[in-house]
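Trainee: Return atomic coordinates for the entry below.
(one chain, ligands or ions: 2)
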Amino acid sequence: MNEKHATNPRLPKISVVIPAFNEAESIGLVLDALPLEMLHEVVVANNASQDETARIAAEHGARVVDETRKGYGWACLAGIAAADDPDIFVFLDADFSDHPDELGAVVAPILDGRADMVIGARVAGKREPGAMLPQARFGNALATTLIRLIWGFRYGDLGPFRAITAEGLRRIDMQDKTFGWTVEMQIKALREGLRVTEVPVSYRKRIGVSKITGTISGTFGAGYKILWTIAKYSIARRR
Ligand SMILES: Nc1nc2c(ncn2[C@@H]2O[C@H](COP(=O)(O)OP(=O)(O)O)[C@@H](O)[C@H]2O)c(=O)[nH]1
Ligand SMILES: [Mg+2]
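Mentor: Ligands and ions are numbered 1, 2, ... in the order given. Next up is the predicted model:
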């Protein structure tokens, strides 16, 4: 994707992975706002969308991989498997809630050699009012409090916009196929002793309808899965 890599093979290769399920209205905006000059490739993991997500993503320059098994984690795993041997993975959502132009700030601690994983934390001041629904804020507060009590690290968020070295990701060995994905990554990063940091990122109201925290089944499903994931790794830790 980027000629700089041909002339300077030592520049870290950054692959962006975007899980997408029926995000035709927003995926083009996300792709157009990414700082392509920094990137090796952009992979959209199309998770059995029934709309035009795949076509629009391809038109906007992404490589599209299809994952028919439905689930946020399934899609992320498919994107990782399809990536072209990067040094760094960046994940963000397809709904244009994240600000793709902040990618540089999210990867900076890794590029500077200060971190192996960076979470984009959706802090209060940079959040458009209403962008995070109360149930999402409550769930995040509960999950990050439990992580602090169990693993002793104070995360501010379980946000989707994040970067991790390929080596860190390999060590973490991600397993979750659905909405335990983000919390599993954050717990295992601590367990594996990765250098973890957070940077504040902006967050706006999504385009289109929320499928998770905007629905009752999504909220309870994701909430249950996140708490179950924390419980599972907490028990494994005490053995
Ligand atoms: N792969 C996959 N992604 C999903 C699924 N449901 C939602 N998503 C994606 O997960 C991200 C977050 O979902 P969203 O509906 O925005 O939930 P919210 O952020 O809680 O409002 C979006 O990029 C969605 O496209 C799903 O079943 N499978
Ligand atoms: Mg969203």
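Trainee: Tell me which helix or strand in the protein has the weakest average pLDDT.
Mentor: helix 4-7 (a mean of 55; mean pLDDT, DSSP states H and E).
Trainee: got the phi/psi numbers for the closest residue to P100 other than its chain neighbours?
Mentor: Of all residues not flanking P100 in the chain, A33 sits nearest, at 4.0 Å (C-beta to C-beta, 6 or more residues apart in numbering). For glycine as for every other residue, the C-beta is placed from the backbone atoms N, C-alpha and C. In terms of degrees, to the nearest 10, the main-chain angles of A33 are phi -90, psi -10.
Trainee: check contacts around A33.
Mentor: Residues counted as contacts of A33 (C-beta atoms under 8 Å, 6 or more residues apart in numbering) are 96, 99-101.
Trainee: could the residues you listed be laid out in JSON lines, adding pLDDT and neighbour count?
Mentor: Listed next are the contacts of A33 as JSON lines, based on pLDDT from 0 to 100; neighbours: other C-beta atoms under 10 Å:
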{"residue": "F96", "pLDDT": "97", "neighbour count": "23"}
{"residue": "H99", "pLDDT": "98", "neighbour count": "19"}
{"residue": "P100", "pLDDT": "98", "neighbour count": "22"}
{"residue": "D101", "pLDDT": "98", "neighbour count": "11"}
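Trainee: Out of those residues, which is nearest to T213?
Mentor: T213 lies nearest to F96 out of the contacts of A33, by C-beta to C-beta, at 15.8 Å.
Trainee: ok, for that closest one, nearest residue in space, not its chain neighbours?
Mentor: Sequence neighbours aside, S26 is the residue nearest to F96 in space, at 4.0 Å (criterion: C-beta to C-beta, 6+ apart).
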